[in-house]
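In: I'd like to go over a predicted model; first the sequence, then the structure.
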Amino acid sequence: MAIPDAKGPHPERELFEAVLMQSGAPVFLTLRSGLSAVPRRPLVAWDGSLQASRVVRAALPLLLQSDETTLLTIGETDAATPSLEQAKLWLERAGVLVTSRHVEWPERPIAERILNQCEASNSDVVLMGGYSHSRLRESIMGGVTLHMIQHADLPILMVH
């Protein structure tokens with residue numbers, strides 16, 4: 001599915017949200033121009049959430065074929081969820097070549113930091129959980145999922 005146009009009609013975003021929230025399956029968003037090649041340098045936006053765990057499991061075949069996977073955490077994660085180190089160990093044991101990065105969250109939107117790290121790591125696809133917070137909260141206060149679909153210039157694989 002193409003990344004919904006941020007300035008376009010809302011039915012595209014509504015379709016994306018319905019598929020993401022109700023299908024239980026990963027949703028792969030591409031640029032409108034499509035893909036020129038299979039992504040080889042994924043960045044996993046890791047926050048320890050159930051959604052992040054789901055996207056890693058769903059994307060394992062892609063991660064196993066990647067040249068290098070970047071596992072990114074921004075700021076602090078919940079101590080009750082799997083840490084960056086635990087996720088890295090799991091991926092390494094599965095046979096994935098992975099580099100981990102932890103960056104702080106100084107007064108900038110998390111999605112902006114994710115996109116900056118994609119550029120810094122030369123990543124060609126983002127893997128992330130979608131709508132870890134409610135859609136209502138994201139639409140009122142803003143959120144990572146909406147920011148990513150409005151500003152990403154690379155493909156995104158999301159799972160709710």
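Out: Yep, that arrived.

In: so V125 makes contact with P42?
Out: Yes. Checked against C-beta atoms under 8 Å, the pair V125 and P42 is within contact range at 4.9 Å. C-beta: built from backbone N, CA, C; applies to glycine.

In: next, show the common contact partners of those two.
Out: L62 (C-beta atoms under 8 Å, 6 or more residues apart in numbering).

In: neighbour-wise, which of the two wins?
Out: The residue with more neighbours, out of V125 and P42, is P42; 27 against 24, by other C-beta atoms under 10 Å.

In: report the contact partners of that one.
Out: P42 touches A59, L62, L63, S66, T69, T70, S123, D124, V125, V126, L127, counting by C-beta under 8 Å, 6+ apart.

In: which stretch of helix or strand covers the last one?
Out: It stands for L127. Per DSSP states H and E: L127 is located in strand 125-129.

In: in its sheet, what does that strand sit against?
Out: strand 42-45 (parallel), strand 156-159 (parallel) (DSSP bridges).

In: buried sites along that strand?
Out: V125, V126, L127, M128, G129 (16 or more other C-beta atoms under 10 Å).

In: now tabulate the contacts of P42 in a markdown table and tack on distance to S36 and pLDDT.
Out: Formatted as a markdown table, these follow (distance: C-beta to C-beta, whole Å; pLDDT from 0 to 100):
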| residue | distance to S36 | pLDDT |
| --- | --- | --- |
| A59 | 19 | 97 |
| L62 | 16 | 96 |
| L63 | 20 | 97 |
| S66 | 16 | 97 |
| T69 | 20 | 98 |
| T70 | 20 | 98 |
| S123 | 15 | 97 |
| D124 | 9 | 96 |
| V125 | 12 | 97 |
| V126 | 17 | 97 |
| L127 | 19 | 97 |
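
In: just the buried subset of the residues you listed, written out for PyMOL, thanks.
Out: Applying 16+ other C-beta under 10 Å to the contacts of P42, the buried members can be selected in PyMOL as follows:
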select buried, resi 59+62+63+66+69+70+123+124+125+126+127
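
In: which one of the contacts of P42 sits closest to P26?
Out: A59 (7.2 Å; C-beta to C-beta).
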